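Enquirer: Sequence first, then the predicted structure:
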Number of protein chains: 2
Amino acid sequence: MTLDDSHDATEVQAPQQPRLGRKRDHSRDPEILEAALDVLAEEGYDGMTIDMVAARAKAGKATLYRRWPSKGELVVDAVACLKQVDLEHLPDTGTLRGDLVAMIKPRTLEDAERKVQIMGGLMSVLSRSPELADAISAAIIEPRAEVNRILLRRALDRGEISPEVDIDALALVSPSMASYRTLVLKQPVDREFLIGLIDGVILPAAGVRAPVEA
Amino acid sequence: MTLDDSHDATEVQAPQQPRLGRKRDHSRDPEILEAALDVLAEEGYDGMTIDMVAARAKAGKATLYRRWPSKGELVVDAVACLKQVDLEHLPDTGTLRGDLVAMIKPRTLEDAERKVQIMGGLMSVLSRSPELADAISAAIIEPRAEVNRILLRRALDRGEISPEVDIDALALVSPSMASYRTLVLKQPVDREFLIGLIDGVILPAAGVRAPVEA
DNA sequence: CAGATCCGAAACTGGTCAGTCTCGTATATA
DNA sequence: TATATACGAGACTGACCAGTTTCGGATCTG
């Protein structure tokens, strides 16, 4: 949304002639947005300053304001630009447990942790800014839930889990517990934790029979 | 901690002579701390100003600084003053489900919601202030987990759940999902949600047989 | 009533930060 | 080489806010 009518589409990928010179061109937008996300994850919304973002992107503060009218809109854009999980290429191993375990990849864990940190840094602003709340929801919250819904629905179609299971509710178990563990308990969401979550909570709640005795 | 060596113990409950005059006395500490918690829950740490707290407590800003050296310490004190759950008088109905359901009381839900809001408002500051992180942990996070651990341990002793269940992990399901629902999804943690959580997730994960067919 | 104490109100100080503006430079076109 | 554009750097402005100080009034003590 905030993205459509602004600049990204035209400028970010504008080919022009990328000269030999270092990195100027036009449109350093992606670097700036990435810098904003980094600062956001580390400092939170209120702790983030425009100077921090500019410095990290090695850009001038004025450059940021040439592209975004305010800090708030920059952040909304940055969040909206978070790369999405590819819902088309989810693991399909034939079992719910297989799919869930296949989702555990170092790359995915890092990505998820960063998003959770960003979400945490924006937590107290969510109530103040519906725009931002929508951006976060669309970029982080919904996709994560949707992945689980898809895997659970497949398991349901396969007859692996009972039709009485509340898929929508169950899809939120992993995002909830991972966020809480990262933001509140400050503990790592690693493979061990996730396997325990899958075998100890999600599969039993889904009514899958043997929680796998190794 | 930050409480012990300061003032509360002597001033908060100092009887003195509560004269007929309106409400002066000495030690409006409780009102001030309550005001701080209210503002905190509504605005978050960075959104909260000392003037807001003073205004809400109908006190002068100087009065706050006469008692606390900084905003940070005021907040730490306020959080530490949150009234604790009484771990001695938990429901004991004879079944895990009975105990968990008995924990659902309007009073408790309100109290929990406020604490979660406060936690959310402090989320982005947790990394910057270990003191505050400790206060939150001791006042909000640990007690909530401990309640569940106690109920689960009782169920274990009763033989109601299998010894293989990871009680510590399971005790975090409810706090995690309730926090996520409140702070991220902005949906109410009401009786319906909690019953669904108990019957759909916690009891199955605990290995309790019949999830109760009404 | 006289002195001491504590209060709330509000003025004040200093630092920080969002947002603006200027300027010297580097690039791109021609 | 000349012109135009967009950049990074950084000075600047104005608002806001933590923390301090002042002051007039109300209460308690004697």
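Expert: In hand now; what should we look at?
Enquirer: So the biggest helix by length in chain A, near DNA strand D or not?
Expert: The longest helix of chain A (DSSP state H) is helix A:29-47. No - against DNA strand D, helix A:29-47 shows no contacts by Cβ under 7 Å from any atom of the strand, the least distance being 8.3 Å. For glycine as for every other residue, the C-beta is placed from the backbone atoms N, C-alpha and C.
Enquirer: quick check, the following helix or strand past that helix touching DNA strand C?
Expert: Per DSSP states H and E, helix A:29-47 leads on to helix A:50-56 as the next helix or strand towards the C-terminus. Yes - applying Cβ under 7 Å from any atom of the strand, one finds helix A:50-56 in contact with DNA strand C at A:50, A:51.
Enquirer: Mind giving me the packing neighbours of the next helix or strand after helix A:50-56?
Expert: Next in sequence after helix A:50-56, counting helices and strands by DSSP H and E, comes helix A:61-67. With contacts taken as 3 or more Cβ pairs under 8 Å, 6 or more residues apart in numbering or on different chains; DSSP states H and E, helix A:61-67 sits against helix A:29-47, helix A:50-56.
Enquirer: Domain-wise, how is chain A divided?
Expert: A:8-80, A:87-206 (automatic domain parsing).
Enquirer: Format these as JSON lines; extra columns: distance to residue B:113.
Expert: Output for the domains of chain A, formatted as JSON lines (distance: least, Cβ to Cβ, whole Å):
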{"stretch": "domain A:8-80", "distance to residue B:113": "22"}
{"stretch": "domain A:87-206", "distance to residue B:113": "13"}
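Enquirer: Can you report how many residues neighbour the closest residue to residue A:200 other than its chain neighbours?
Expert: Nearest non-adjacent residue to residue A:200, counting by Cβ to Cβ, 6 or more residues apart in numbering or on different chains: residue B:166, 5.5 Å away. By the measure other Cβ atoms under 10 Å in any protein chain shown, the count of residues near residue B:166 is 16.
Enquirer: wait, isn't residue B:166 in contact with residue A:199?
Expert: No - look at residue B:166 against residue A:199 with Cβ atoms under 8 Å: they stay out of range, at 9.6 Å.
Enquirer: which neighbours do the two share?
Expert: Here residue B:166 and residue A:199 have no joint contacts, going by Cβ atoms under 8 Å, 6 or more residues apart in numbering or on different chains.
Enquirer: residues from chain A in reach of chain B?
Expert: Listed as neighbours of chain B in chain A under the rule Cβ under 8 Å from any Cβ of the partner chain: A:43-47, A:119-121, A:123-126, A:128, A:133, A:141, A:165-166, A:169-170, A:172-173, A:175-177, A:179-181, A:183-186, A:196-197, A:200-201, A:204-205, A:207.
Enquirer: Mind giving me the ChimeraX select for the residues you listed, buried ones only?
Expert: Those of the residues of chain A next to chain B that count as buried under 16 or more other Cβ atoms under 10 Å in any protein chain shown are selected in ChimeraX with:
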select /A:43,44,45,46,47,119,120,121,123,124,125,126,133,141,165,166,169,170,172,173,175,176,177,179,180,181,183,184,185,197,200,201,204,205,207
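Enquirer: Is it possible to get TSV of the domains of chain A that adds mean pLDDT?
Expert: Listed next are the domains of chain A as TSV, based on pLDDT from 0 to 100:
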stretch	mean pLDDT
domain A:8-80	81
domain A:87-206	97
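Enquirer: Out of these, which is the most enclosed?
Expert: Among the domains of chain A, the stretch with the highest mean neighbour count (mean count of other Cβ atoms under 10 Å in any protein chain shown) is domain A:87-206, at a mean of 18.
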